[in-house]
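Participant: Quick one, what's the 3D model for this:
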Amino acid sequence: MPDSNATVAVSRPTSPIATRRFPPLRAIAALAVLAAAAAAPAHAQQPASPQTLIVNGQQTPVPVVQMKNHSYVDLDSLTRALGGSISYAGGQIALSLPSANAGSSPATSTYTNAPPPAATSAPPPAGFSKGFMSAAIEEAATLREWHAALASAIKNGYPMAPGMFTPYRAQSQTNLRLVSVATATDSDRNAYALLNTLFQNMSTLTDRYLDKRANMSYISPDSLENDSLNQSIVTCGHSLSAMAASGQFNDNGSCR
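Facilitator: Residues are numbered from 1 along each chain as shown. Below you'll find the predicted structure:
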């Protein structure tokens, strides 16, 4: 769109020898069109198929004439379609057009014959995203190693120092943050909540047996088999593994 209040000026040279009264500019333009039409070959005067002038993506009623492989439009009609103004003064034609940011022009509000295309948005992706799956599998592997180390210490009666499981806990926290960053779909976000719950439960289970060992309480080798929290952790792990295999989120309540 031209700049605000742009002016197009067409000047005709005047003769220094004699001063004569010229016919109006519109009459001259009409005679020029008739002369060109008369001089054109017969095949060029045959009516062409109607053409539509589109301005800024919007249809206008401005007529378009094809002549000798050139397109011509009526200046007055074009000015109205663009919401501008035109004036004739002597040998000049002054054309003023509204600014591009002055709001909607008549061409976009009055001459729109077809409704604008309906806005369409892509449906949200279903299932787990690739990045989430990769990060979640890494987190699940760390949780399994952590659980296996705790189970082995309890079953074999190994001494459990306060920092014995710190590396597992720290790595699991790091992986969990990566899982959070990788969430992209609803399934990702729902599964992340279950992984976070599994991490919290694993921390609680570990602290429970570290406290027992610190208090010199007896820990039976089969303590985990009768521990409801441990059973919940195992069931939740199986449920998450099934989700990863299917690629779809399916909460059966075992991770809550």
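
Participant: Contact partners for the closest residue to F128 other than its chain neighbours?
Facilitator: Nearest residue to F128, sequence neighbours excluded (Cβ to Cβ, 6 or more residues apart in numbering): S187, at 5.2 Å. Where you see a C-beta, it was placed from the backbone N, CA and C, and this is true even at glycine. S187 is in contact with A126, G127, F128, Q248, F249, counting by Cβ atoms under 8 Å, 6 or more residues apart in numbering.

Participant: ok, 6 Å please
Facilitator: G127, F128, F249 (Cβ atoms under 6 Å, 6 or more residues apart in numbering).

Participant: in what helix or strand does it lie?
Facilitator: Using DSSP states H and E, S187 maps to helix 186-214.

Participant: Report the buried residues of that helix.
Facilitator: Using 16 or more other Cβ atoms under 10 Å as the test for burial, helix 186-214 gives 187-188, 191-192, 194-195, 198-199, 201-203, 205-206, 209-210, 213.

Participant: So the residue nearest to F128 versus G163, what's the distance?
Facilitator: Using Cβ to Cβ, to the nearest Å, one gets 36 Å for the distance from S187 to G163.

Participant: try V65
Facilitator: Distance from V65 to G163, by Cβ to Cβ: 89 Å.

Participant: Looking at these two, which is more packed in?
Facilitator: Per other Cβ atoms under 10 Å, whichever of V65 and G163 has more neighbours is V65, with 13 against 9.

Participant: With adjacent residues omitted, what lies nearest to that one?
Facilitator: Among residues not flanking V65 along the chain, Y72 sits closest, at 4.5 Å (Cβ to Cβ, 6+ apart).

Participant: and the one you found, that's in a helix?
Facilitator: No: membership of Y72 in a helix is not supported by DSSP: H, G, I helix; E, B strand; the rest coil, which gives strand.

Participant: Now for S172, how many residues are close by?
Facilitator: By other Cβ under 10 Å, 24 other residues sit near S172.

Participant: secondary structure element for it?
Facilitator: helix 166-182.

Participant: now T235
Facilitator: helix 228-246.

Participant: Next, the buried residues of that helix.
Facilitator: N230, S232, I233, C236, G237, S239, L240, M243.

Participant: so where's the chain uncertain?
Facilitator: 1-50, 57, 89-91, 99-125 (pLDDT under 70).

Participant: which residues does M243 contact?
Facilitator: N250.

Participant: how near is C255 to C236?
Facilitator: Following Cβ to Cβ, the distance that separates C255 from C236 is 4 Å.

Participant: Now do the shared contacts for the two.
Facilitator: L198.

Participant: about what we covered before: so which of the contacts of S187 belong to strands?
Facilitator: Judged by DSSP state E, these include no members of strands.

Participant: Let's see if you can find the most crowded of these.
Facilitator: Among the contacts of S187, the one with the most neighbours (other Cβ under 10 Å) is F128, at 24 neighbours.
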